[in-house]
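Visitor: Predicted model and sequence follow; I will ask about them next.
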Amino acid sequence: MATEKIKFKLELYSTFWRKAPHANIMINEKSYFDGDISSKEQMPTVVEFEHELEGDKDYKLIIERSGKNVIDTRVDAEGKIYRDQLLHIKSIEIDEIDIGAMVYEGIYTPEYPEPWYSQQVSAGKTPEKSFKNVTTMGHNGTWTLAFESPFYMWLLENLY
């Protein structure tokens, strides 16, 4: 069976006031980075690794965001957030190709905290289960970009 070794490069940064968000970066279940992201946009954390893909298989690039507690978000009397903990995706390169707008094809599935989630539901504002077009993760959860091997065939089919 044909295989291909693909390079991945992710640039991540954070916004926080109390403690940095945590990220676990994986291809399917294999973890390549597991640590806090405390860098700022001008000097993002760069995570680089290679993964060997088997031909004609489905894969997922996963950013599992964790480390946020209810106390990491501060809200004023009008309900506006004035302090928060956020994890941002600045860019993703796969095999030295910046995937650009394809980053918005990733699906973010937040894990909503209680009692916030129940309060939203009670107010008739049930939050979405998942989102596309997300490069900033406010809640703990996962961001997943599905792709296939051979990678370049998948890339050509999905560029536009």
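Guide: Perfect, thanks for sending it.

Visitor: which is the next helix or strand following the helix or strand hosting Gln119?
Guide: Using DSSP states H and E, the element containing Gln119 is helix 116-122. Using DSSP H and E, the next helix or strand after helix 116-122 towards the C-terminus is strand 136-137.

Visitor: Just checking: what are the partner strands of that next one?
Guide: Next to strand 136-137 in the sheet, as set by DSSP bridges, lie strand 86-94 (antiparallel).

Visitor: now the strand it pairs with, how far from the centre of its chain.
Guide: 7 Å (Cα atoms, centre = their mean, to the nearest Å).

Visitor: which parts of that strand are buried?
Guide: For strand 86-94, the neighbour count (16 or more other Cβ atoms under 10 Å) marks Leu86, Leu87, His88, Ile89, Lys90, Ile92, Glu93, Ile94 as buried. For glycine as for every other residue, the C-beta is placed from the backbone atoms N, C-alpha and C.

Visitor: Quick check, the second one in contact with Met137.
Guide: Pointing back at Leu87 there. Yes. Leu87 lies in contact with Met137 (Cβ atoms under 8 Å); the separation is 4.6 Å.

Visitor: Please enumerate the shared neighbours of these two.
Guide: Residues touching both Leu87 and Met137 (Cβ atoms under 8 Å, 6 or more residues apart in numbering) are Pro21, Ile63, Arg65.

Visitor: May I ask you to confirm that Trp63 is in contact with Ile89?
Guide: Residue 63: Ile, not Trp. Yes. Taking contacts as Cβ under 8 Å, Ile63 lies within contact range of Ile89: 7.0 Å.

Visitor: what touches both of those two?
Guide: Listed as contacting both Ile63 and Ile89 by Cβ under 8 Å, 6+ apart are Leu10, Leu12, Trp143.

Visitor: Run through the residues that contact the first one.
Guide: Counting by Cβ under 8 Å, 6+ apart, Leu10 touches Ile25, Val46, Val47, Glu48, Ile63, Ile89, Ser91, Ile92, Glu93.

Visitor: Swap in 6 Å and give it another go.
Guide: Each residue near Leu10 by Cβ atoms under 6 Å, 6 or more residues apart in numbering is listed here: Val47, Ile92.
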